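# sequence unavailable; structure follows:
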Ligand SMILES: [Zn+2]
Ligand SMILES: [Zn+2]
């Protein structure tokens, strides 16, 4: 589905009036898409094998090996990719830097897809490096380090690379070249470290030459070293990412103390201004050249000072208070892998080696972390944020951890109240009945809250109920005395649907039954065994159900569910529903991450419930038991505001 959506987005990109057919626009390996890494394996596989074999036979000589160069190319490839990744991690850590973000919007899915192959240029540069080596085999004899090379490299960079890039960049902004090539780089609405690599094949060939002057030049002058190659290329990528990081990282005091620095190093604000006003700030890294040729944006330093000294960020209007599900899903955070976060969560092989590290992070979070801002999007001019309680799912089942978790939730609610959030919606286990009575605890303890506390489950119930076909006259319900189970049972009974409520707690059953209008009470039937549902084809699962229990369902049964995590679908002859969810309105902005296993743009129904509460401006808290009379009201309101069932 994601691939399909991606394709759709890519088609959209081609339709914005810009050309993709110019010579050398596309990458030669563009059609390989996700298999492009194979190019590297094909190129370097034989050499890697040769070196490994030599090491194995203890014939490998560090200095004289004619194969070691390819190792350097591969290691450099990895390190350069790592620099982009680390910058991406940093610039997505909203809890560290949201006040100093330059563009306030979020990166959307279509931009993430467009920038997906940002690493193409690394492949290109690895190939170019290999070709150079094959032409000059003496390069294998480069020393590890030569200090004279640093000066030589700097002179070549400042004297050739900087002005060369400046003029190439200015030419790329001429109307023909911009429409044919450079528009692609500028099509990224919200710049971020991966935007640095997002350009056409031709532009990266040109960038290659910019890089070649200081590197190959220093070698030809006789001062080259392996250490210098690493230093220059890594510094080059670091600064490119810095310029596109969308977070102002320099304290303005640095430039006040050393004014000359303004001409030596650009800032994230400086390059962001180029993306806003394309007639200014063309330089590679050194504003000196913009000064020299009179293209410096006069706002560059005032804006830099303003952003770098910001301490307060915009107050969100709506907050969804989430928690981490488990160690694997923690790696689905937008600040870990942006591209992984932009597709629905599932366990991927690359997560496995990172599990131990993430486990340690979890322990550190348990001891030290506070609730933090996790992600955001905008809807109709209002800011919606997700805040994460630093607790994982399993911790909610540890009796001794309950108080600590409630303290975190309470702190978050009080903070939201203090800063002026309108609605805070409790996700998943943060509204667990056993933990805090679905939020009741906090509302009772702080009766004067201005922020509305919402569990959003009224809409969850509505979504589940609307999935049940109108002609169904009998359902089997497990978890039937839970918050959702009770509401579903009462709602269906009022519509004269017979509900077989699986529960051993007769007292609780009778209590619920008495809540139904007199004439509807007969539709609620207590059952104590799964066998009672042998002839019922509509099962609503609110409690974990084993394969054995699932086998009591007749063939063709549909399992609706509100159990977290969802049951494992064992029955091939039956169908299984997904967790209740809704699609956010089409005009949502800045959305670039998926909510756990939800598809793009979809959120859990309780999240949607909170959004509806906010959009409607309701003044009541939605805590504790579900008000069955509100189910249709919330559903209609959700549809009215453009939320859609999946
Ligand atoms: Zn440009
Ligand atoms: Zn740029």
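Looks like it came in fine. A quick note: this is a predicted structure, and the numbers were derived from the prediction, not measured. Ligands and ions are numbered 1, 2, ... in the order given.
# buried sites along the longest strand seen in the chain?
Longest strand of the chain, by residue count under DSSP state E: strand 382-392. Using 16 or more other C-beta atoms under 10 Å as the test for burial, strand 382-392 gives 383, 384, 385, 386, 387, 388, 389, 390, 391, 392. In short, each C-beta sits where N, CA and C put it, glycine included.
# report the two of those residues separated the most.
Maximum pairwise distance among the buried residues of strand 382-392 (C-beta to C-beta): 26.7 Å, between 383 and 392.
# what sits closest to residue 567 if chain neighbours are left out?
residue 545 (5.0 Å; C-beta to C-beta, 6 or more residues apart in numbering).
# settle this for me: the one you found is touching residue 477, isn't it.
No: taking contacts as C-beta atoms under 8 Å, residue 545 lies outside contact range of residue 477: 11.7 Å.
# separation between the residue nearest to the spatial centre of the chain and residue 342?
Central residue of the chain (C-alpha atoms, centre = their mean): residue 334, 2.6 Å from the mean position. Distance, residue 334 to residue 342, by C-beta to C-beta, to the nearest Å: 8 Å.
# can you confirm residue 162 is in a helix?
Yes: under DSSP: H, G, I helix; E, B strand; the rest coil, residue 162 falls within a helix.
# just to revisit the earlier point, in the helix or strand following the longest strand of the chain, what counts as buried?
Counting by DSSP states H and E, the next helix or strand C-terminal to strand 382-392 is helix 402-419. By 16+ other C-beta under 10 Å, the buried positions in helix 402-419 come out as 402, 405, 406, 408, 409, 412, 413, 415, 416, 417.
# and helix 402-419, what's its mean pLDDT?
Average pLDDT, helix 402-419: 97.
# flag the shaky bits of this protein, pLDDT-wise.
1-18, 33-34, 37, 40-41, 59-67 (pLDDT under 70).
# re the thing from before, now the buried residues of helix 402-419 as a markdown table including distance to residue 72?
Listed next are the buried residues of helix 402-419 as a markdown table, based on distance: C-beta to C-beta, whole Å:
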| residue | distance to residue 72 |
| --- | --- |
| 402 | 54 |
| 405 | 49 |
| 406 | 54 |
| 408 | 47 |
| 409 | 51 |
| 412 | 49 |
| 413 | 54 |
| 415 | 50 |
| 416 | 52 |
| 417 | 56 |
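# residue 545 and residue 477: which has the busier surroundings?
Neighbour count, other C-beta atoms under 10 Å: between residue 545 and residue 477, residue 477 has more, with 29 against 22.
# distance of that one from residue 561?
Taken as C-beta to C-beta, the span from residue 477 to residue 561 is 11 Å.
# got it, and residue 148?
Taken as C-beta to C-beta, the span from residue 148 to residue 561 is 69 Å.
# tell me the strands beside the longest strand of the chain, with direction?
strand 318-324 (parallel), strand 372-379 (antiparallel) (DSSP bridges).
# what sits up against the first one?
Applying C-beta atoms under 8 Å, 6 or more residues apart in numbering, the set of residues contacting strand 318-324 from outside is 330, 362, 371, 374, 382-393, 396, 409, 412-413, 416, 421-430, 603, 607, 610-611, 614.
# for the stretch 501-646 of the chain, which segments count as strands?
If DSSP state E, counting those that start in this stretch is used as the criterion, the strands of the stretch 501-646 of the chain fall at 524-527, 538-541, 558-561, 575-576, 581-583, 602-604, 644-645.
# centre of the chain to the last one, how far?
This points to strand 644-645. On the basis of C-alpha atoms, centre = their mean, to the nearest Å, strand 644-645 sits 23 Å off its chain's mean C-alpha point.
# need the longest helix for this protein.
helix 68-92 (DSSP state H).
# could you list the residues in contact with the helix or strand following that one?
For helix 68-92, the succeeding helix or strand toward the C-terminus, using DSSP H and E, is helix 94-97. Residues outside helix 94-97 that contact it (C-beta under 8 Å, 6+ apart) are 90, 91, 101, 247, 335, 372, 373, 374, 375, 376.
# buried members of those residues into ChimeraX, please.
In ChimeraX, a selection of the buried entries from these looks like this (16+ other C-beta under 10 Å):
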select :90,91,101,247,335,372,373,374,375,376
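# could you dump the contacts of helix 94-97 into a markdown table with distance to residue 451 added?
What follows is these, written out as a markdown table (distance: C-beta to C-beta, whole Å):
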| residue | distance to residue 451 |
| --- | --- |
| 90 | 30 |
| 91 | 29 |
| 101 | 24 |
| 247 | 28 |
| 335 | 26 |
| 372 | 18 |
| 373 | 16 |
| 374 | 18 |
| 375 | 20 |
| 376 | 17 |
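# return the residues in contact with residue 538.
Contact analysis of residue 538 by C-beta under 8 Å, 6+ apart lists 468, 469, 472, 474, 475, 476, 557, 558, 560.
# oh, I was asking about residue 72
So residue 72 contacts 226, 229, 230 (C-beta under 8 Å, 6+ apart).
# same thing with residue 313?
98, 99, 101.
# how close does the second one sit to residue 420?
Relative to residue 420, residue 99 is positioned 16 Å away (C-beta to C-beta).
# for the first one, same thing?
When distance is defined by C-beta to C-beta, residue 98 is 16 Å away from residue 420.
# number of residues surrounding residue 597?
18.
# what do you get for residue 301?
19.
# next: residue 570.
Residue 570, neighbours per other C-beta under 10 Å, totals 14.
# show me the helices in the stretch 1-150 of the chain, by range?
Per DSSP state H, counting those that start in this stretch, the stretch 1-150 of the chain carries helices over the ranges 2-14, 37-56, 68-92, 94-97, 109-114, 120-135, 148-156.
# kindly apply the preceding question to the stretch 151-300 of the chain instead.
162-172, 175-177, 183-186, 201-220, 226-243, 252-257, 261-264, 268-276, 288-292, 300-308.
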